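K.L.:
What follows is a predicted structure for the sequence shown.
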Amino acid sequence: MGAGFRTRLLSRNSSLEYTDIEVTKMEKNNYVRNAKACVKGNNQAPALKGNVTFTQKPDGVIVTAQIQGLPQSETGFYALHIHEGENCGGMDFAETGGHYNPKGMPHPKHAGDLPPLLSYHGGMAFMQVMTSRFRVEEIIGRTVVIHSGTDDFQSQPAGNAGTKIACGLIRKV
Ligand SMILES: [Cu+2]
Ligand SMILES: [Zn+2]
């Protein structure tokens, strides 16, 4: 919030109190939002754990994944998505549902579609990307899912990415 904006509000109200509308405007302008998912593997990936963080910037969200304990795979790539479901329950995280897709697009144009992880040094992964397909505030309470296979960025509805092997709930931090 610039000094000019504040001065304008104060002179209009002749008061130190902001109205509800003005507070809402200020919250909109205050784009800084952080969220984090602590992901854990299921019985297909018992050693898998890590964090995925989300940092809102003016032009997009920085997504940072730091993972360890990925199981062996044919390609070393593991699909990574934000899923629409609001918990990691069910057999193999079934309650995470499909990819986060508020605009009804085909895969891989879902808002929740992300680049895959690439494992190094026997099961670690680090991935960082900027996306403007969602804002941090809209993914709070949804889920991050890691899959056993890579994402072909073509097959519907989810890129033929194999089973769900890890999940984490996205929480505001
Ligand atoms: Cu997925
Ligand atoms: Zn997708």
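P.N.:
Thanks, I have the structure now. Residues are numbered from 1 along each chain as shown. Ligands and ions are numbered 1, 2, ... in the order given.

K.L.:
Tell me the residues of the protein that contact ligand 2?
P.N.:
99, 107, 110, 113 (Cβ under 5 Å from the ion). Every C-beta, even on glycine, is put in place using the N, C-alpha and C of the backbone.

K.L.:
where's the spatially closest residue to the first one that is not a sequence neighbour, which helix or strand?
P.N.:
Same thing as residue 99. When the adjacent residues along the chain are set aside, residue 99 lies closest to residue 110, with 4.1 Å between them (Cβ to Cβ, 6 or more residues apart in numbering). Under the criterion of DSSP states H and E, residue 110 resides outside all helices and strands.

K.L.:
Same question for residue 156.
P.N.:
Remark: residue 156 resides in no helix or strand, with elements defined by DSSP H and E.

K.L.:
List the residues that contact the residue of the chain found nearest ligand 1.
P.N.:
Of all residues in the chain, residue 81 sits closest to ligand 1, at 3.3 Å by Cβ to the ion. Contact analysis of residue 81 by Cβ atoms under 8 Å, 6 or more residues apart in numbering lists 99-100, 110, 112-114, 144-145, 147, 151, 158, 161.

K.L.:
Kindly recompute the last result at 10 Å.
P.N.:
When contacts are counted by Cβ atoms under 10 Å, 6 or more residues apart in numbering, residue 81 is found next to 96, 98-101, 107-108, 110-114, 116, 143-147, 151, 158-159, 161, 164.

K.L.:
what does residue 94 give?
P.N.:
For residue 94, the contacting residues are 85, 88, 164, by Cβ under 10 Å, 6+ apart.

K.L.:
who wins for neighbours among those residues?
P.N.:
residue 164 (26 neighbours; other Cβ atoms under 10 Å).
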